[in-house]
Structure formats: structure tokens, C-alpha cells
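Visitor: Just a sequence and a predicted model for now, questions to come.
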Amino acid sequence: MSTSRAWRRVSRSTTLLTSLLIGVVEDVAGYVPTLGSVIELAISLLTFYFHRIVLVTDQNVYVYRDWPFHIPGKQLGAYPRHAGLVKLGRPNTGGFSRFIRRGQLTFEDGHVVYHGILWIRRAQYIVQEGNSPVGS
């Protein structure tokens, strides 16, 4: 296993842990009188760097960095549609990890995008369409 592949695995775990921690801090900030809403807004604006847009077209699947108001930023990945392109979830893990990573989209090159588990159907559509060959 190469060093870069090992680093990517660590960075994905850190990103998930960071997302969970930021979510808890943002929820707790809502209970702070007067400043809570300002803190929540600041956290939301500062964490847009970690938001992603996944776009499936008739021939390709694109991953973009997201900016406020869903404006696409830098293109992080472009993949031609084919079988085995993207997988949903994380196999071979414990029950809690499987629950937390239900919305994890893993592309064939190791790129990972997390999708909120409340809208898991969107992630399932991405997997369905991304794994179908072009023209089908």
C-alpha cells in the first residue's frame, strides 16, 4: 500500500469525525442566547469548504466543491459512467460504523463523499445512475 493511499484513508476518517464534531458544536451553539444563531451562521459559512456537489450527467459523474447557494467550485473529480464506479456505504465494519457511513459514496479511485442519511435516497440514485453504462 502506498503512502498516499494510507494518508487518504486517514483523511477520510478525520473528515467524518470532524463533521460529527462540528455538527454537535453547531447544535449546542443554538442554545446560547443571542449569540447562538450568529455562531451557527459562522460555522455554516466556514464549513462550506467541506461541502460537495455530485452531478450525474448522461455520460459522466462529476464531484465539485460547493460554495454558498449551491454554486459549484473547483472540480474535484470527473468519472465516466460504468459498472463499479461508485459504492454506497462501507462494507466489513461494525453496526454503528455501518449506520454512520450509510451515506458514504466511495468512487473507484478512493475519493469519498458523505451524504446526509436523512436524504439517503439521493445517494442511492447517484449509485444507481453512476454505475449504469452510458446510454442505458
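Guide: Sure thing, it's come through.
Visitor: Let me know the helix or strand that Gln75 is in.
Guide: Take DSSP states H and E as the rule and Gln75 turns out to sit in strand 71-80.
Visitor: Show the average pLDDT along that strand.
Guide: For strand 71-80, the mean pLDDT works out to 90.
Visitor: list the buried ones in it?
Guide: Tyr79 (16 or more other Cβ atoms under 10 Å). Bear in mind the C-beta positions are built from the backbone N, C-alpha and C, glycine included.
Visitor: What is the helix or strand that that strand is followed by packed up against?
Guide: Using DSSP H and E, the helix or strand that follows strand 71-80 in sequence is strand 86-88. If you count contacts as 3 or more Cβ pairs under 8 Å, 6 or more residues apart in numbering; DSSP states H and E, strand 86-88 packs onto strand 104-107, helix 120-130.
Visitor: partners of strand 86-88 in the sheet?
Guide: Using DSSP bridges, strand 86-88 pairs in its sheet with strand 104-107 (antiparallel).
Visitor: what bridges to Val113?
Guide: Leu105.
Visitor: angle of the strand holding Gln75 against helix 120-130?
Guide: When axes from the mean of the first three to the mean of the last three Cα atoms, to 10 degrees is applied, the directions of strand 71-80 and helix 120-130 differ by 40 degrees.
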